[in-house]
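Chemist: no FASTA, just this:
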């Protein structure tokens with residue numbers, strides 16, 4: 001997967017967490033080093049902007065299903081869900 005493919009999938013992605021629907025928006029990707037990327041996104045309607053760091057290799061080899069699970073987990077944790 002590429003960043004260009006990921007951005008439209010994350011922006012507007014709806015997930016259920018904490019008994020409510022959350023929508024992810026405004027994905028930003030920043031290169032931390034030659035090997036690490038940082039992904040930050042807004043949870044719409046909140047001030048929460050969770051961040052996630054992945055190696056380039058892990059990101060490049062991941063499918064949308066893999067990444068959606070990770071984004072769901074990070075968003076749930078940021079919102080205070082277990």
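Modeler: Structure received. Owing to the predicted nature of the structure, the values given are computational and were not obtained by experimental measurement.

Chemist: quick one, which residue of this protein lies the farthest from its center?
Modeler: residue 34 (19.9 Å; Cα atoms, centre = their mean).

Chemist: how far away is that residue from residue 56?
Modeler: Distance of residue 34 to residue 56, given as Cβ to Cβ, to the nearest Å: 8 Å. Heads up, the C-betas are built off the backbone N, CA and C, glycines and all.

Chemist: ok, now residue 12?
Modeler: Distance of residue 12 to residue 56, computed by Cβ to Cβ: 25 Å.

Chemist: again with residue 49
Modeler: In this view, residue 49 and residue 56 are 22 Å apart by Cβ to Cβ.

Chemist: pretty sure residue 54 sits in a strand.
Modeler: Yes - secondary structure of residue 54 (DSSP: H, G, I helix; E, B strand; the rest coil): part of a strand.

Chemist: give the contact list for the spatially most central residue of the chain.
Modeler: In the chain, the centroid-proximal residue (Cα atoms, centre = their mean) is residue 71; its distance is 3.8 Å. Contact partners of residue 71, counting by Cβ atoms under 8 Å, 6 or more residues apart in numbering, are 10, 13, 15, 24, 39, 41, 52.

Chemist: count of neighbours near the third one?
Modeler: Think residue 15. Burial of residue 15 is recorded as 17 neighbouring residues (other Cβ atoms under 10 Å).

Chemist: nearest residue to it other than its sequence neighbours?
Modeler: Distances taken as Cβ to Cβ, 6 or more residues apart in numbering put residue 72 closest to residue 15, at 4.8 Å, once the chain neighbours are dropped.
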